[in-house]
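A.B. asks: Generate a structure from the sequence data that follows.
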Amino acid sequence: MDQQPGNRAEIRDFLAGRRAKITPAQAGLPTSAHRRVPGLRREEVAVLAGVSTEWYTRLEKGHIGGVSEDVLDAVARALRLDDDERTYLFDLAQSSRAASRTPSRRRDVEVPPRVQWLLDSMTISSAFVRNGRTDVIASNPLARALYAPMFHSATIDKRGRPNIARYIFLDPGAHDFFVDWDAAGNATAALLRAEAAREPRDRPLRDLIGELSTLSPEFRDQWAAHDVLIRHDGIKRLQHPEVGHLELTFQHLDLPLSSRAVHNLIIYTAEPGTASEDRLKLLASWSATPSRAADPHYQRGAPTS
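C.D. replies: Next comes the predicted model:
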């Protein structure tokens, strides 16, 4: 999967895909029974954005590097992009502008002890740190108990570190673990899509996307949809092999460990007074016992290097 900066096909497919999703009626334009396409035409987007058809056509063909932020903002409004999609468009433009410069290699960072102390202090909430590639680079005992199928999966790397995308798309057991597997898969592919625009020179990320594209038809389909997600909060339903059904809320918090790399603190909690809270507390008690603590699968997540 080519994610080199200035990839015109990436820009073309994203803009054309979003244009196809907007009907003339939604955009406040006159409709006709003789339209050949269900979405907007290029000239209609150009009118809405206040630019010439020739200029917008050139933009949609991938010539985005020299475009001003004001014009990008007008195109984003014309295409009704949400906040995440708008950020993605601006990241693509930034990558194109930087294509002619010598790229700097993003360095991973180690998780400071204070962050691990923070995670371990959360005894009735599952908490872990995820980087932009969806590697789980630090976790607390309850996270390792809650996500035991992922931590035990054959998809972990040589350091025993799980990758959420690899688990979801390459481990058949993930379909049973995630009750809403389609939603989980779509969100994960969309997170990787946003990261690929932020860091087009990240070789491990490109390798991951290439691996998933080669081995998973589901990932290929969802990647082709060009959905983008930067923040991911909500409800997660899991079918845990030991405690059964869990319905949990999860919250995504930015964790500024590096000026370049994206890190997120993900916290799972249960609504008080529910059966899910009782089951999560049971997992917490198990993860705190000496026998569980001695299990190598439940040791602290290794920091990234």
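A.B. asks: Buried by neighbour count: which residues of the longest helix anywhere in the chain qualify?
C.D. replies: When the chain is parsed with DSSP state H, its longest helix is helix 181-198. Of all the residues in helix 181-198, those buried under the rule 16 or more other C-beta atoms under 10 Å are 184-198. Where you see a C-beta, it was placed from the backbone N, CA and C, and this is true even at glycine.
A.B. asks: from these, which is closest to Val111?
C.D. replies: Within the set of the buried residues of helix 181-198, Glu195 lies nearest Val111; the separation is 18.3 Å, counting by C-beta to C-beta.
A.B. asks: list the contacts for the closest one?
C.D. replies: By C-beta atoms under 8 Å, 6 or more residues apart in numbering, the residues touching Glu195 are Gly132, Arg133, Asp202, Leu205, Val262.
A.B. asks: Which parts of the protein are strands?
C.D. replies: Shown for the chain, the strands assigned by DSSP state E span residues 126-131, 136-139, 234-240, 244-254, 263-269.
A.B. asks: low-scoring stretches of the stretch 151-300 of the chain, by residue?
C.D. replies: Confidence mapping of the stretch 151-300 of the chain against pLDDT under 70 gives the ranges 259, 290-300.
A.B. asks: The same query, at a cut-off of 50, please.
C.D. replies: Residues of the stretch 151-300 of the chain meeting the criterion pLDDT under 50: 291-300.
A.B. asks: Serialize the strands of the chain to CSV and add fields for mean neighbour count.
C.D. replies: Converted to CSV, the strands of the chain look like this (neighbours: other C-beta atoms under 10 Å):
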stretch, mean neighbour count
strand 126-131, 25
strand 136-139, 26
strand 234-240, 16
strand 244-254, 15
strand 263-269, 20
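A.B. asks: TSV please, covering the ones you listed and showing distance to Arg279.
C.D. replies: Formatted as TSV, the entries for those read as follows, by distance: least, C-beta to C-beta, whole Å:
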stretch	distance to Arg279
strand 126-131	12
strand 136-139	19
strand 234-240	7
strand 244-254	6
strand 263-269	12
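A.B. asks: of those strands, which approaches Ala25 most closely?
C.D. replies: For the strands of the chain, distance to Ala25 was read as C-beta to C-beta. The smallest value, 30.0 Å, belongs to strand 234-240.
A.B. asks: Packing partners of that closest one?
C.D. replies: The contact analysis (3 or more C-beta pairs under 8 Å, 6 or more residues apart in numbering; DSSP states H and E) places strand 234-240 against helix 174-177, strand 244-254.
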